[in-house]
Structures are given as C-alpha cells and as structure tokens.
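Student: With the input below, show me the fold.
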Amino acid sequence: MRIHFIAIGGSAMHNLAIALHKKGYQISGSDDVIFEPAKSRLDKYGLLPIEMGWDENRISNDLDAVILGMHARIDNPELLKAQELGIKIYSYPEYIYEQSKNKLRVVIGGSHGKTTITSMILHVLNYYKRDFDYLVGAQLAGFETMVKVTEEAPVMIIEGDEYLSSPIDRRPKFHLYQANVAVISGIAWDHINVFPTYADYALQFDKFIDTIEPKGVLIYCKADADLNEMVSRSKSGVTKIGYAIPEHAIRNGITYLLPEETALKIFGDHNLMNLNAAKLVCKELGINENEFDAAIASFTGASKRLEVISADESTNVYKDFAHSPSKLKATIDAVKAQFTDRKLVACIELHTFSSLNKDFLKEYTGAMDKADEAIVFIDIKSFEQKRMEPFSEDDVQQAFANPELKFFNDAVKLKTYLLSLHYKDTNLLMMSSGNYAGFDLPELAAALKK
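Tutor: Numbers count the residues shown, from 1 in each chain. Next comes the predicted model:
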C-alpha cells in the first residue's frame with residue numbers, strides 16, 4: 001500500500017504515519033511546518049519530508065490513498081490534485097476505522113477525561129500483556145507512539161475526539177468509529193468555533209450514541225445530569241451502564257481505593273471517575289475488578305494530566321492540559337482536596353479559540369474560586385494569530401467573577417511574578433493546552449526551590 005499524508009506533522013497524523021510504516025506500508029507526506037516531537041519522530045523512520053511546503057507533483061496515480069489532516073486547507077494543491085485524479089481521500093478517523101473494522105472497537109468520548117480513561121485502559125491491557133491496537137491523544141510511558149495498527153490485534157482502543165474530521169469532512173471524529181463499546185465521560189461545551197451553542201455541541205454526543213453498533217455497550221458518567229438525561233431518553237438498543245466516583249479515602253496525600261485499600265498514584269474526583277469508566281471497559285474485555293485494581297495501582301497518569309514536575313515535603317509543581325472551564329475547575333478541586341494543608345497557586349493559559357472568545361469567556365465564572373492565588377495568562381500573540389480582540393484584566397476578572405485574580409499577557413512578567421511568591425506549604429499548578437509562550441516548566445520548578 002502506498003499512502004500519502006497531507007499535513008503529516010499533526011499529532012495524530014504523524015503517529016498514524018509511523019504506525020502504517022511499521023506495518024509495511026510505503027508512506028510519504030508533506031506539511032508547511034513541522035514542530036517537535038513530530039519532526040524527530042518522522043526523521044527517525046525516514047518519513048520527514050525533504051522540503052517543507054505543498055507540491056502537487058507528490059500526488060500521482062500510483063497512490064492507493066491520501067490521508068488528509070485538519071491543518072490543510074480545502075484549496076491545498078495536493079488535495080486538489082488527488083481529487084482531480086480520483087484518488088481515495090480519507091480523514092485520519094476514517095482510516096482508523098478502515099484499519100479496525102474487523103476488530104472490536106472501544107471508543108472513549110466525552111468533553112473531558114478521554115485521554116486519561118484511554119491511558120488507563122491501555123495501561124491495564126499492557127500490564128496483562130494483551131494484544132491490542134490503539135489511538136490515544138498523549139504520549140504514554142511504555143508506549144513509543146500514540147497510534148498502533150496491526151493485522152493481528154483483536155481489539156482497538158480509540159480516543160474519540162468530537163472535533164471535525166478534516167477540512168472536507170465536517171463530521172466529528174468519534175462519529176466515524178462505530179464503537180462496539182463506547183464511553184461518554186461527560187458533556188461540557190467546547191469548540192465554540194464549530195458548535196456555536198451548547199445545544200449544537202451536546203447534539204454530537206446524542207448522535208454518537210446512535211453510531212454504536214447493535215448489541216453494543218455504552219458506559220457513561222451518571223454524575224453528569226445532562227448526559228444522564230440524554231442516555232435515559234435515547235432509543236438506542238445498546239446496553240447502558242452508568243458509573244460514578246468509587247469509594248475511596250485520602251491519607252497523607254495518597255488516595256486509596258476501598259475496601260481493598262489499593263494505593264493509587266493518581267488523585268482527584270475526576271480521575272477516580274475516569275478510573276471507574278476504565279474498569280467497566282476492562283470488564284467488557286475480560287479483566288475482572290481485582291485484576292484491574294492490581295494493574296491500576298502502578299498507573300502514574302497520562303502526559304500533562306496532573307503531571308508532577310517536582311515534589312518535596314513542602315511544595316509540588318504540576319502541569320496539566322486543562323483549558324476548558326470544567327477541566328480547570330476539576331483540576332483545581334483535585335489538588336486542593338488532595339493537599340488540604342497546603343495553599344494553591346493556580347495559573348491557566350487561555351489558548352484555545354473557545355477560551356479567547358469573549359462570549360465564551362463567561363463560562364469560566366467561578367472556575368478558579370478554590371485556588372488561593374488565581375492567575376490567568378494569555379500570550380498576546382495568541383490574539384494576533386487568531387485575529388481576535390484582546391482581553392483586558394477587567395474583562396478576565398469579571399468573567400471569572402474574581403476581582404483578586406491576576407492577569408498577565410507577557411510571559412516574562414508572569415515568570416517574574418511566579419518567582420516572587422513564597423511556596424512554603426504551597427503547590428503550584430500550571431494549566432495550558434499551549435506552552436506559556438515557550439516557558440520551561442522544569443526550569444521554573446527548579447528556580448522555585450532556590
């Protein structure tokens with residue numbers, strides 16, 4: 001098979017390209033810019049384009065398929081040439097389905113927790129040396145790539161994103177996988193640029209339920225009132241299994257599952273609910289509760305999901321991918337509940353299109369109330385790149401309903417302020433789906449100790 005990737009540098013795209021290369025396919029690709037770690041990974045396997053940019057001469061009739069990334073535009077010359085020649089064009093979720101249509105497909109959807117639930121399932125399956133394929137949205141310890149596709153594996157675990165599939169396919173990705181076992185972790189409005197109202201957004205999850213295969217299973221968070229109502233009124237004939245927070249105890253900064261007293265390396269109500277979702281999926285795959293608990297005890301978390309940068313007897317520094325209002329609140333709540341005797345300095349970078357939209361900003365009301373020191377950072381360049389009107393400090397304070405909140409749009413000033421604070425018996429939580437304008441968080445954590 002000869003496959004060409006248009007916009008090969010994307011997170012899922014470059015991982016799929018490597019996975020297909022390992023499967024023996026002939027892979028080529030193009031992009032206008034490729035960042036790390038995609039650049040080094042593609043180079044390692046001889047898949048890095050020799051020259052950046054688009055060139056219609058890369059497209060010829062001897063290609064079996066083209067996989068189109070979201071980063072490309074509808075007028076991309078390589079796309080236009082492929083359409084002209086009648087070459088089959090896939091979005092990457094379409095191609096994932098092609099690779100897994102004869103397997104049992106587990107699809108994890110939801111506005112939050114997708115990556116963590118998927119990671120937990122992969123960890124447990126790997127612990128018991130099960131054979132499985134996967135697609136996950138973060139780099140995991142013990143897994144070289146974020147995508148694996150083989151002929152032999154009987155099951156594929158797929159993180160099901162609700163964002164659009166490609167520039168020419170406006171369906172949400174998770175509608176294309178046709179799950180046998182599906183998870184919905186909760187619904188919290190996001191992607192305002194595509195789904196302008198909460199109703200538009202929630203509808204995509206209703207449709208997702210309808211894509212589950214006959215005799216399939218839906219595992220859902222019954223603590224989410226809107227989701228609970230959606231599932232109860234759904235006429236889908238699938239088996240529906242709800243989950244909530246498992247019984248647990250917190251002692252000396254460690255969370256234990258009860259009644260077995262299983263010590264966990266993760267914490268927070270949202271992570272405990274994620275754990276219950278993963279446990280139910282693993283039960284469907286033949287792993288019982290005791291086996292699951294034994295395996296999950298060594299799970300340290302997905303990359304950038306309450307990831308520990310540094311820790312000592314007085315101060316922990318975390319980085320987290322939280323960016324939406326619900327994720328922000330859940331992450332802050334988790335750290336405060338785990339360390340009741342410590343203060344919390346919490347800093348969020350608003351980076352996504354939704355979070356930089358003035359109409360959406362009010363959705364953050366009260367999201368940082370439990371932080372002892374609340375900080376919002378927006379790189380001024382983010383507004384320029386997205387061609388959006390900048391926020392003032394007053395705009396942000398009013399939206400978060402927190403007049404004490406600090407606001408920065410200059411990374412140097414933010415770093416100076418963070419270093420000026422005292423961290424005795426205090427944790428620092430840095431949250432962003434971006435990179436704080438190039439902040440080196442380990443370097444910051446080391447400087448705090450000095």
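Student: what mean pLDDT does stretch 197-215 have?
Tutor: Averaging pLDDT along stretch 197-215 gives 96.
Student: which residues touch it?
Tutor: For stretch 197-215, the external contacting residues (C-beta atoms under 8 Å, 6 or more residues apart in numbering) are 105, 109-110, 160, 162, 172, 174-180, 182, 184, 187, 189-191, 195, 218, 226-227, 230-231, 234, 236-239. (Each C-beta comes from the backbone N, C-alpha and C, glycine too.)
Student: Then stretch 362-374?
Tutor: So stretch 362-374 is contacted by 189, 325, 328-329, 332-333, 336, 343-346, 348, 355, 376, 399-402, 404-406, 421, 426, 429 (C-beta under 8 Å, 6+ apart).
Student: now do the same end-to-end measure for that stretch.
Tutor: End-to-end distance for stretch 362-374, by C-alpha to C-alpha, to the nearest Å: 16 Å.
Student: before we move on, what about stretch 91-111?
Tutor: One end of stretch 91-111 to the other measures 21 Å (C-alpha to C-alpha).
Student: before we move on, back to that, can you tell me which of the contacts of stretch 197-215 are buried?
Tutor: The neighbour-count test (16 or more other C-beta atoms under 10 Å) marks 105, 109-110, 160, 162, 172, 174-180, 182, 184, 187, 189-191, 195, 218, 227, 230-231, 234, 236, 238 as buried among those.
Student: Keep only those of these that are in strands.
Tutor: Among those, the members found in strands (DSSP state E) are 105, 109, 172, 182, 184, 218.
Student: Check those residues against Ile67 and report the nearest one.
Tutor: Distance to Ile67, by C-beta to C-beta, is smallest for Pro172 among these, at 17.7 Å.
Student: re the thing from before, same list, the ones in strands among the buried ones among the contacts of stretch 197-215, but as CSV with distance to Ala82 and pLDDT please.
Tutor: Below are these laid out as CSV (distance: C-beta to C-beta, whole Å; pLDDT from 0 to 100):
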residue, distance to Ala82, pLDDT
Arg105, 27, 98
Gly109, 30, 97
Pro172, 23, 97
Ala182, 32, 98
Ile184, 35, 98
Leu218, 36, 98
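Student: with those in mind, which one is nearest to Asn126?
Tutor: Proximity of these to Asn126 was ranked by C-beta to C-beta; the top entry is Arg105 with 18.3 Å.
Student: Tell me what the closest one is bridged to.
Tutor: Per DSSP bridges, the residues bridged to Arg105 are Met156.
Student: Can you tell me how far it is from Gly29?
Tutor: Arg105 sits 26 Å away from Gly29, going by C-beta to C-beta, to the nearest Å.
Student: quick one: buried residues of the helix or strand bottoming out on mean pLDDT in the chain?
Tutor: Comparing helices and strands within the chain by mean pLDDT, DSSP states H and E singles out helix 380-386 as the least confident, with a mean of 80. For helix 380-386, the neighbour count (16+ other C-beta under 10 Å) marks 382-383 as buried.
Student: Excluding its own residues, what touches that helix? List them.
Tutor: With C-beta under 8 Å, 6+ apart, helix 380-386 has contacts from 350-351, 353, 356, 389-391, 409-410, 434, 437.
Student: Stretch 235-253 too?
Tutor: Here stretch 235-253 makes contact (C-beta under 8 Å, 6+ apart) with 182, 209-210, 212, 214-223, 228, 231, 234, 255-259, 267, 269, 272-273, 275-277, 280, 337-339.
Student: For it, what is the distance to the chain centroid?
Tutor: Here stretch 235-253 is found 20 Å from its chain centre; the criterion is C-alpha atoms, centre = their mean, to the nearest Å.
Student: Over to stretch 315-325?
Tutor: 13 Å.
Student: Just the mean pLDDT for that stretch, thanks.
Tutor: 90.
Student: what's the span of that stretch, first residue to last?
Tutor: Stretch 315-325 has an end-to-end distance of 25 Å (C-alpha to C-alpha).
Student: And for stretch 277-292?
Tutor: One end of stretch 277-292 sits 12 Å from the other (C-alpha to C-alpha).
Student: Buried residues of that stretch, list them for me.
Tutor: Within stretch 277-292, the residues that count as buried by 16+ other C-beta under 10 Å are 277-285, 287, 291-292.
Student: Stretch 90-106 too?
Tutor: For stretch 90-106, by 16+ other C-beta under 10 Å, it's 90-97, 99-100, 103-106.
Student: Which of those residues fall in helices?
Tutor: If you go by DSSP state H, the buried residues of stretch 90-106 have 92-97, 99-100 in helices.
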